[in-house]
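1. model the structure of this input:
(chains A and B)
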Amino acid sequence: EAGVAQSPRYKIIEKRQSVAFWCNPISGHATLYWYQQILGQGPKLLIQFQNNGVVDDSQLPKDRFSAERLKGVDSTLKIQPAKLEDSAVYLCASSLVGSAGTQYFGPGTRLLVL
Amino acid sequence: RKEVEQDPGPFNVPEGATVAFNCTYSNSASQSFFWYRQDCRKEPKLLMSVYSSGNEDGRFTAQLNRASQYISLLIRDSKLSDSATYLCVVKAFGNEKLTFGTGTRLTIIP
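-> Residues are numbered from 1 along each chain as shown, chains lettered A, B, ... in the order given. Got it, this is the predicted structure:
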């Protein structure tokens, strides 16, 4: 069974530029999560979708971050404009509805903002 | 106070030894508890759930103390392949959100 796919794997941009990340969850997983993991810290939830609806985006910096999951399958996360402190690994995860404890993570996108 | 607190380590432990990690959580309404493992530069993966009665999975034992809001993970007969960061994870009642601790870094020394 294919796992969670993410692209790109690495991205280097300058501050104030824009960047977008893509995620394709495991087939059949209605719940999709985007996390930010800063070096030395645990993953922090940015946004959670169930199908194409947002369940929780309380920790998403909405002035610069946006995310969508238009058809309830794959998702994009965008940062515009990027700041130095956005340098992190952006992890996408998916789970079956009601099984939040068992999340399957993608390999992540490593973002470096210069 | 952080929602989930862990000793970041690092723990450097000789192969074959027993090692224990602790974790505390601040939200008394927390419902479910997990340990995830994250290898260097890799994604987190579920290691095991933590049940109120305690549970074992091979060399790994997880325990929960709801009164003290405390979770532990014990690894017996540690192997070189156990070297990783262990993330304590808590889920609150009524939602699907997981809160991760900062992780405890473990290195098993030959």
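
2. which ones are touching the spatially most central residue of chain A?
-> For chain A, the residue whose C-alpha lies nearest the mean C-alpha position (C-alpha atoms, centre = their mean) is A:Trp34; its distance is 2.9 Å. Listed by C-beta atoms under 8 Å, 6 or more residues apart in numbering or on different chains, the contact partners of A:Trp34 are A:23, A:45-48, A:67, A:75, A:77, A:90-92. No exception for glycine: its C-beta is placed from N, CA and C like everyone else's.

3. residue 12: which element?
-> Defaulting to chain A. Assessed by DSSP states H and E, A:Ile12 sits inside strand A:10-13.

4. look at chain B instead
-> Counting by DSSP H and E, B:Asn12 is found in strand B:11-14.

5. residues in contact with that strand?
-> By C-beta under 8 Å, 6+ apart, strand B:11-14 touches B:19, B:21, B:78, B:104-109.

6. which parts of it are buried?
-> Residues of strand B:11-14 classed as buried: B:11, B:13 (neighbour count, 16 or more other C-beta atoms under 10 Å in any protein chain shown).

7. just to revisit the earlier point, tell me the strands beside the helix or strand just after the strand holding A:Ile12, with direction?
-> Using DSSP H and E, the helix or strand that follows strand A:10-13 in sequence is strand A:19-24. Sheet pairing for strand A:19-24, assigned by DSSP bridges, gives strand A:5-7 (antiparallel), strand A:75-79 (antiparallel).

8. the last one - what's its average pLDDT?
-> Confidence for strand A:75-79, expressed as mean pLDDT, is 98.

9. tell me the helices and strands packed up against the helix or strand bottoming out on mean pLDDT in chain A.
-> Lowest by mean pLDDT, DSSP states H and E among the helices and strands of chain A is strand A:53-56, with a mean of 93. The criterion is 3 or more C-beta pairs under 8 Å, 6 or more residues apart in numbering or on different chains; DSSP states H and E, and the helices and strands that strand A:53-56 contacts are strand A:44-50.
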